[in-house]
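In: kindly generate the corresponding structure for this input.
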Amino acid sequence: MNQQLLEKLKAWGWNDTFTYYFTPYDEQGYSVGRVTLEHKRMYRILTEHGELLAEVSGKMRYTATKREDYPAIGDWVVIRPRAEEKKATIHAVLPRKSKFSRKAAGDAIEEQIVAANVDTVFLVNALNNDFNLRRIERYLILAWESGATPVIVLSKADLCNDVERWIAEVQSIAIGVPIHAVSTKLKDGLEELTPYLREGTTIALMGSSGVGKSTLINHLSGKDMQHVNEARQGDDRGRHTTTHRELFRLPGGGLLIDTPGMRELQLWEADEGFRGAFDDIESLTAACRFHDCRHIQEPGCAVQAALVDGSLARSRFDSYLKLQRELAHLARKEELRLQAAEKEKRKKIHTKLRHRKPRQ
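Out: From the prediction side, this is the model:
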């Protein structure tokens, strides 16, 4: 890979780690690109030949066993370009440095990667009637688990009469996480987001419909890149504006991934993320007299003591228990799914061996 190409890729988030993983492919004559748009297993990728439309190879499709084996927005992919056709074939996905995942919609226990190779996640929440601390906790769990750095953006600050109060509320559940209250209408607080938008740095915007993500993107990009819908009257809940995930390049060189509004945010595997989002309660549980304390009425329970003196809100502890149960339930269902998949795999191998013709 020549230096000129390397510098061009760095502007799109490339780093030495990706160079290391790509080297064996580079030696075989493959090219590389970054996924900027995904739509029904077709991908728009940015390459040294410009933007190409790509699909995965037959071999890659055959060996893929789950959705996470396919490319996602933000991924770096190994390709064979057909520059004259403005097309390419994807042969592999380079290891991800981060991935923001949730459980896919529906009954199936399956991971959906919302965005990959993200440096910073802007968790956007509007300061209106739809403001919800419990939803912020969910986003924080998945943000910490992703490997990216979470930043909370409280949008529509012009609709709130007591911004400082709500900032304090968020600080109580997002210990150590940067929080910025902004108003695109009044152009207030937006300059605080500039340091996150450095050249080659990837930021993903996450939040429910109607929180102002599209308006924020239009401001950061300096042009109307996204259509804006008004929130519904009465409950301030928004209507979907973004219908797909897409990676934009901002004027200052930062890279921004917009995502459709996610009102139903079901958790995926999130051990580290759960501990990161509830570090205050995890610290209390570690201080309990008994290591198997259930935090109900055991003597020496640090959690109950914090609930009594008010240093831990009952609503936050109830949320902790609820999300803990949800993750445990998901883990049990995933274990059953893996067992069934392994059983089916053994069955196929046994059937294949049974029908194999003996050598003459």
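
In: need the contact list for the closest residue in space to Leu197 that isn't next to it in sequence.
Out: Spatial nearest neighbour of Leu197, chain neighbours left out: Gly254 (3.4 Å); criterion: CB to CB, 6 or more residues apart in numbering. For every residue, glycine as well, the C-beta is placed using N, CA and C. Listed by CB atoms under 8 Å, 6 or more residues apart in numbering, the contact partners of Gly254 are 196-203.

In: and for Ser155?
Out: Shown in contact with Ser155 (CB under 8 Å, 6+ apart): 124-127, 182-184, 211-212, 215-216.

In: strands - which of the residues you listed land there?
Out: Counting by DSSP state E, the contacts of Ser155 place 124-126 in strands.

In: just send these back as CSV, with distance to Val177, neighbour count and pLDDT too.
Out: As requested, the ones in strands among the contacts of Ser155 are exported to CSV (distance: CB to CB, whole Å; neighbours: other CB atoms under 10 Å; pLDDT from 0 to 100):
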residue, distance to Val177, neighbour count, pLDDT
Val124, 13, 23, 92
Asn125, 12, 25, 91
Ala126, 17, 25, 91
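
In: could you dump these into a markdown table and include distance to Arg82?
Out: Rendered in a markdown table, the data for these read as follows (distance: CB to CB, whole Å):
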| residue | distance to Arg82 |
| --- | --- |
| Val124 | 38 |
| Asn125 | 44 |
| Ala126 | 44 |
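
In: any idea which of the residues you listed is closest to Leu247?
Out: Val124 (16.9 Å; CB to CB).

In: could you find the closest non-adjacent residue to the closest one?
Out: Residue nearest to Val124 in three dimensions, not counting chain neighbours: Gly207, with 3.6 Å by CB to CB, 6+ apart.

In: go ahead and confirm the one you found touches Leu123.
Out: Yes. Counting by CB atoms under 8 Å, Gly207 does reach Leu123; the two are 6.5 Å apart.

In: which residues do those two both contact?
Out: With CB under 8 Å, 6+ apart as the test, Gly207 and Leu123 both reach Tyr139.

In: what's the offset of stretch 91-105 from the middle of its chain?
Out: 9 Å (CA atoms, centre = their mean, to the nearest Å).

In: export it to PDB, keeping only CA atoms.
Out: Listed next in PDB are the C-alpha coordinates belonging to stretch 91-105 (Å, rounded to 0.1, in the frame of the first residue of the first chain):
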ATOM      1  CA  HIS A  91     -14.400 -11.000   0.200                       C
ATOM      2  CA  ALA A  92     -13.800 -10.300   3.900                       C
ATOM      3  CA  VAL A  93     -14.500  -7.900   6.800                       C
ATOM      4  CA  LEU A  94     -11.400  -6.600   8.700                       C
ATOM      5  CA  PRO A  95     -11.600  -7.100  12.500                       C
ATOM      6  CA  ARG A  96     -13.600  -4.300  14.100                       C
ATOM      7  CA  LYS A  97     -12.200  -2.000  16.700                       C
ATOM      8  CA  SER A  98     -15.700  -1.200  18.000                       C
ATOM      9  CA  LYS A  99     -19.200  -2.200  17.200                       C
ATOM     10  CA  PHE A 100     -22.500  -0.800  18.500                       C
ATOM     11  CA  SER A 101     -24.900  -3.800  18.600                       C
ATOM     12  CA  ARG A 102     -28.500  -4.400  19.700                       C
ATOM     13  CA  LYS A 103     -30.800  -7.400  19.500                       C
ATOM     14  CA  ALA A 104     -32.400  -7.600  16.100                       C
ATOM     15  CA  ALA A 105     -36.100  -6.800  16.000                       C
END
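
In: quick one: distance of the helix or strand containing Ala54 to the chain centre.
Out: Element membership for Ala54, per DSSP states H and E: strand 50-56. Counting by CA atoms, centre = their mean, strand 50-56 is centred 23 Å from the centre of its parent chain.

In: ok, and for the helix or strand just after it, which residues are buried?
Out: Sequence-wise, the next helix or strand downstream of strand 50-56 (DSSP H and E) is helix 58-63. For helix 58-63, the neighbour count (16 or more other CB atoms under 10 Å) marks Met60 as buried.

In: alright, that wraps it up for me.
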